[in-house]
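Undergrad: 3D model of this:
(2 chains)
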Amino acid sequence: MARLKIKNILQQGKPGEKVTAKGWVRTKRGSKNVNFIALNDGSTILNLQIVADVANFNEELLRDVTSGAAISVLGELAESAGSGQNIELIANEIEILGKADPEKYPIQPKKHSLEFLRENAHLRFRTNTFGAIFRIRHAMAFAVHNYFNNKGFNYLHTPIVTASDAEGAGQMFRVSTLDPENPPLTEKGRIDYSQDFFGKATNLTVSGQLEGELGAMALGEIYTFGPTFRAENSNTTRHLAEFWMIEPEMAFYDLKDNMDLAEEFLKSLIQYALDNCMDDLQFLAGRLQQEEKNKPQDQRSMDLIEKLKFVLNNDFIRITYTEAIDILRNSKPFKKKKFQFHVEWGVDLQSEHERYLVEKHFNCPVILTDYPKGIKAFYMKQNDDGKTVGAMDVLFPQIGEIIGGSQREENLEKLETRMNEMNIPTDEMWWYLDTRRFGSVEHSGFGLGFERFILFVTGMGNIRDVIAFPRTPKSAEF
RNA sequence: UCCCUAGUAGCUCAGUUGGUUAGAGCGGCGGACUGUUAAUCCGUAGGUCGUAGGUUCAAGUCCUACCUGGGGAGCCA
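TA: This is a model prediction of the structure:
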């Protein structure tokens, strides 16, 4: 008897059909005569109810059917006599595939804290919450490729190991095969990287953007989707040392085209989630609702699915940095001196300011553009005013910056001048500058933090709960 | 890295101004129950109170240091 996945059984199974199901036991309950086993195989958040007539099975076998155990069940589908499910499997044969000692198995049939499950990340996939999260995460990864493929973008694999740290996007992890106890030294007593594996100092990438631009300047439109590494000592609910980033880069796109793409892209992912992940979203929405009950009325947030639909059906607010500063300086918290950090043209916005704009003032995703050049990266398009650059940050409620992007400076002279001002070595970056020397065109791109986006779609609060095995300072378990 | 906060049974927590044998719910185990939905009911086992010092007649409780978790900030996606 071929094994069927529980998702298929629940969707297409007919009463009277003989099937085999395999999975992990969530709970077992029942009386002297009948046992009910909730079986889950990961294909869906829904469980298949197994009905076992106690008389037909020996006692010891049923004793091993405990939470967490893996079993195989051969039986006949029947319309369910109880409520809660339409169809159930009347068991003829049950085989224990793998026992799970109930004294030791950590995932009990009860509510666990997210902190506890994080410490049991190897087993948390077996919970409803994390099953839902990782099915949604998969669907979103697939939808990313689907979206760009449909638009004719090329998926470019940019290197993980890189010798360039020119972007200055943060502290990097060193990659080396030198003996750390006893490295070769130069005459001046410094580490001699010419003897290292790559013949120079190398690191894990902090961004594929610069290489992405090279691809875009021939293929037209590319995107990357890969792991990214930042050795920052960041301990927050929205930072990881190893995370996944999606970075499209497009020739012939100006800043507005870039914003249009970013907005359409995010909305297409949300649409895909609503179309394909409803069972999981509904579970997560219900879970959030339970949590919200403990909060005062005015602090409760929108229902998860409503929130997704709201973002889908409303235009993102687009304002310039300068306009944002005006709004902030005219805001109540500014006048009542409630902001901890000063607001004035030229300073970078702090998260309290971003949150005010997104969560209080507009209550909607916001795209901020045209930042002062002094607080942004060297490669951003210099505007005619001489003060601002063609940057754009997409800010989401609760999460903050979900996308950072810009039009890129395509003028060789302006770019070199800016690099010199910011002490970025133009000679080491010859390959990057070559794109401006030969057939340079206006182009744009952005980076989407994948986990931050998954936070938004799942409604989870901590980024460590939307990646399977989080890498954070002082933590690389599993 | 800084600020705040927590660490007591497998899990989630309570534990009064320091005072006798440290409690509950859930989970586990045993039993009861003709179909349950986090089943219900009865019973039962389970603790070096994060670690190391210190104060005291007496420390889960007070002090110091460290470790770990959580929240916030900075940095950013």
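
Undergrad: ok, now which ones touch the closest residue to RNA strand B within the stretch 1-150 of chain A?
TA: Per Cβ to the nearest atom of the strand, A:G82 is where the stretch 1-150 of chain A lies closest to RNA strand B, at 2.0 Å. Bear in mind the C-beta positions are built from the backbone N, C-alpha and C, glycine included. A:G82 is in contact with A:Q49, A:E88, counting by Cβ atoms under 8 Å, 6 or more residues apart in numbering.

Undergrad: gap between it and A:N8?
TA: Applying Cβ to Cβ, to the nearest Å, the value for A:G82 to A:N8 is 22 Å.

Undergrad: Please tell me how far the residue of the stretch 1-150 of chain A closest to RNA strand B sits from A:I37.
TA: Distance of A:G82 to A:I37, given as Cβ to Cβ: 13 Å.

Undergrad: what is in contact with these two at once?
TA: A:Q49.

Undergrad: Am I right that A:S72 falls within a helix?
TA: No: secondary structure of A:S72, determined by DSSP: H, G, I helix; E, B strand; the rest coil: strand, with no helix assignment.

Undergrad: Show the pLDDT at it.
TA: A:S72 carries a pLDDT value of 96.

Undergrad: ok, for the residue lying farthest from the centre of chain A, nearest residue in space, not its chain neighbours?
TA: Within chain A, the residue lying farthest from the chain centre (Cα atoms, centre = their mean) is A:A55, at 48.8 Å. Nearest residue to A:A55, sequence neighbours excluded (Cβ to Cβ, 6 or more residues apart in numbering): A:N33, at 7.2 Å.

Undergrad: Tell me, how many residues neighbour the one you found?
TA: The tally of other residues near A:N33 (other Cβ atoms under 10 Å) stands at 9.

Undergrad: In contact with A:T228, which residues?
TA: For A:T228, the contact set (Cβ under 8 Å, 6+ apart) comprises A:T205, A:V206, A:S207, A:G208, A:E242, A:F243, A:W244, A:M245.

Undergrad: tell me which element the last one is part of?
TA: A:M245 is located in strand A:242-251, with elements delineated by DSSP states H and E.

Undergrad: next one: the second one
TA: Assigning secondary structure by DSSP H and E places A:V206 outside every helix and strand.

Undergrad: Check whether it really touches A:F173, as I assumed.
TA: No: here A:V206 does not reach A:F173: they are 9.1 Å apart, not a contact under Cβ atoms under 8 Å.

Undergrad: Give me the more crowded residue out of those two.
TA: Between A:V206 and A:F173, counting by other Cβ under 10 Å, A:V206 is the more crowded of the two (22 against 14).

Undergrad: Next one: that one relative to RNA strand B, how far apart?
TA: In this structure, A:V206 and RNA strand B are 8 Å apart, going by Cβ to the nearest atom of the strand, to the nearest Å.

Undergrad: Would you check how far apart that residue and A:C277 are?
TA: The gap separating A:V206 from A:C277 is 31 Å, by Cβ to Cβ.

Undergrad: cool, A:G449 as well?
TA: From A:G449 across to A:C277, the span is 20 Å (Cβ to Cβ).

Undergrad: Equivalent analysis for A:A121, please.
TA: For A:A121, the distance to A:C277 - Cβ to Cβ - is 22 Å.

Undergrad: between the two, who's got more neighbours?
TA: Set side by side, A:A121 and A:C277 show more neighbours around A:C277, with 23 against 17, by other Cβ under 10 Å.

Undergrad: Give me the pLDDT for that one.
TA: 97.

Undergrad: Next: A:F339.
TA: Looking at A:F339, its pLDDT stands at 89.

Undergrad: Now for it, how many residues are close by?
TA: Count around A:F339 with other Cβ under 10 Å applied: 17.

Undergrad: same thing with A:G215?
TA: A:G215 has 21 neighbours, counted by other Cβ under 10 Å.

Undergrad: Settle this for me: it is touching A:I222, isn't it.
TA: Yes: contact status for A:G215 versus A:I222: in contact at 4.2 Å, counting by Cβ under 8 Å.

Undergrad: Need the overlap of contacts for these two.
TA: By Cβ under 8 Å, 6+ apart, the residues touching both A:G215 and A:I222 are A:N154, A:L156, A:E249.

Undergrad: Buried only: go through those residues for me.
TA: Applying 16 or more other Cβ atoms under 10 Å to the shared contacts of A:G215 and A:I222, the neighbour count classes A:L156, A:E249 as buried.

Undergrad: what's the helix or strand for A:A391?
TA: Element membership for A:A391, per DSSP H and E: strand A:388-396.

Undergrad: What are the buried residues along that strand?
TA: By 16+ other Cβ under 10 Å, the buried positions in strand A:388-396 come out as A:T388, A:V389, A:G390, A:A391, A:M392, A:D393, A:V394, A:L395, A:F396.

Undergrad: Which residues are in contact with the fifth one?
TA: Under the criterion of Cβ under 8 Å, 6+ apart, the neighbours of A:M392 are A:L255, A:N258, A:M259, A:A262, A:I367, A:L368, A:T369, A:I403, A:G404, A:G405, A:S406, A:F446.

Undergrad: could I get the residues you listed as CSV with secondary structure, pLDDT and distance to RNA strand B?
TA: Shown next, in CSV, are the contacts of A:M392 (DSSP: H, G, I helix; E, B strand; the rest coil; pLDDT from 0 to 100; distance: Cβ to the nearest atom of the strand, whole Å):
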residue, secondary structure, pLDDT, distance to RNA strand B
A:L255, helix, 97, 16
A:N258, helix, 97, 14
A:M259, helix, 97, 14
A:A262, helix, 97, 10
A:I367, strand, 96, 12
A:L368, strand, 96, 12
A:T369, strand, 96, 14
A:I403, strand, 95, 5
A:G404, strand, 95, 3
A:G405, strand, 96, 8
A:S406, strand, 96, 10
A:F446, strand, 97, 8
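
Undergrad: Pull out the buried residues from these.
TA: For the contacts of A:M392, a neighbour count by 16+ other Cβ under 10 Å gives the buried set as A:L255, A:N258, A:M259, A:A262, A:I367, A:L368, A:T369, A:I403, A:G404, A:G405, A:S406, A:F446.

Undergrad: Pull the contacting residues for the second one.
TA: Shown here is A:N258, whose contacts under the criterion Cβ under 8 Å, 6+ apart are A:M250, A:M392, A:G405, A:S406, A:Q407, A:S444, A:G445, A:F446.

Undergrad: try the third one
TA: When the contact criterion is Cβ under 8 Å, 6+ apart, the partners of A:M259 are A:F316, A:R318, A:I367, A:T369, A:M392.

Undergrad: since we're on the closest residue to A:Q171 other than its chain neighbours, how many residues are nearby?
TA: The shortest distance from A:Q171 to any non-neighbouring residue, by Cβ to Cβ, 6+ apart, is to A:A231 (4.0 Å). Burial of A:A231, expressed as a neighbour count using other Cβ under 10 Å, amounts to 15.
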